[in-house]
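> fold the stuff below for me.
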Amino acid sequence: MPAPSRAALFCALALSATAAFATPAGKATRVAFKNDAPEATVKGRVKGAGAADFVFPAKTGETLTVSLKSEQSGLGFSLRSPQGAELTFQATEYRGVAPLDGDYKISVQQPRVEGAPPPPGGAFTLTVGHAARAVDEPAEAPQ
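Below you'll find the model as predicted:
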């Protein structure tokens with residue numbers, strides 16, 4: 001069997017490196033809460049009608065807060081429970097009580113209007129919080 005050429009080896013190496021470092025479409029970024037802080041902030045960018053997905057853990061009964069800041073109008077987020085139930089859609093602010101233990105998913109996007117050109121997307125700052133509810137704080141229904 002002949003030895004592979006340098007070009008073939010280079011191509012194989014390049015393809016394997018691309019596969020190792022490529023981020024699969026739809027993969028969510030885990031929100032990092034440093035030193036078990038109750039709040040974390042992440043910055044990101046949405047391109048066109050695409051989305052930026054994030055996940056964060058919460059326990060049943062914790063107060064969840066999500067805030068989205070962007071100079072691009074129309075940018076909003078949806079929040080889903082660990083079972084996939086939609087807690088809010090196309091919002092910029094959310095406050096509610098976690099109904100379940102598990103990973104909650106945030107999807108930041110700018111909806112596309114049928115027949116219109118693709119939206120420009122834009123940069124954003126997302127602040128996510130999860131904290132034990134105070135004893136005297138009333139339970140809130142998901143918004």
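> and stretch 91-109, end to end?
Distance between the boundary residues of stretch 91-109 (CA to CA, to the nearest Å) amounts to 10 Å.
> with stretch 99-118 instead?
Using CA to CA, the end-to-end distance of stretch 99-118 comes out at 35 Å.
> could you do stretch 64-73 as well?
With CA to CA applied, stretch 64-73 spans 24 Å between its terminal residues.
> any idea how far it is from the chain center?
Averaging C-alpha positions (CA atoms, centre = their mean, to the nearest Å) puts stretch 64-73 12 Å from its chain's average.
> what does it contact?
Counting contacts by CB atoms under 8 Å, 6 or more residues apart in numbering, the residues outside stretch 64-73 that touch it are 39, 58, 75-77, 79, 87-88, 91-98, 104, 106, 108, 110, 120-130. Every C-beta, even on glycine, is put in place using the N, C-alpha and C of the backbone.
> and those residues, which of them are in strands?
39, 58, 76-77, 79, 87-88, 91, 93-97, 104, 106, 108, 121-130 (DSSP state E).
> of all the residues in stretch 88-105, which ones are buried?
88, 94, 96-99, 103-105 (16 or more other CB atoms under 10 Å).
> just these now: which is nearest Glu114?
Minimum distance to Glu114 across the buried residues of stretch 88-105 is 23.0 Å, recorded for Thr88 (CB to CB).
> separation between the closest one and Ala52?
Relative to Ala52, Thr88 is positioned 16 Å away (criterion: CB to CB, to the nearest Å).
> with Ser67 instead?
Taken as CB to CB, the spacing of Ser67 relative to Ala52 amounts to 15 Å.
> what do you get for Gln83?
Counting by CB to CB, the gap between Gln83 and Ala52 amounts to 22 Å.
> who has more neighbours out of those two?
When Gln83 and Ala52 are compared on other CB atoms under 10 Å, the one with more neighbours turns out to be Ala52, at 21 against 8.
> the more buried one against Arg45, yeah?
Yes. Shown here, Ala52 and Arg45 form a contact pair, counting by CB atoms under 8 Å, at 7.1 Å.
> now do the shared contacts for those two.
Phe124.
> need the contact list for the residue positioned nearest the centre of the chain.
The residue at the geometric middle of the chain, judged as the C-alpha nearest the mean C-alpha position with CA atoms, centre = their mean, is Phe54 (2.0 Å). The contact partners of Phe54, taken as CB under 8 Å, 6+ apart, are 28-31, 42, 105-108, 126, 128.
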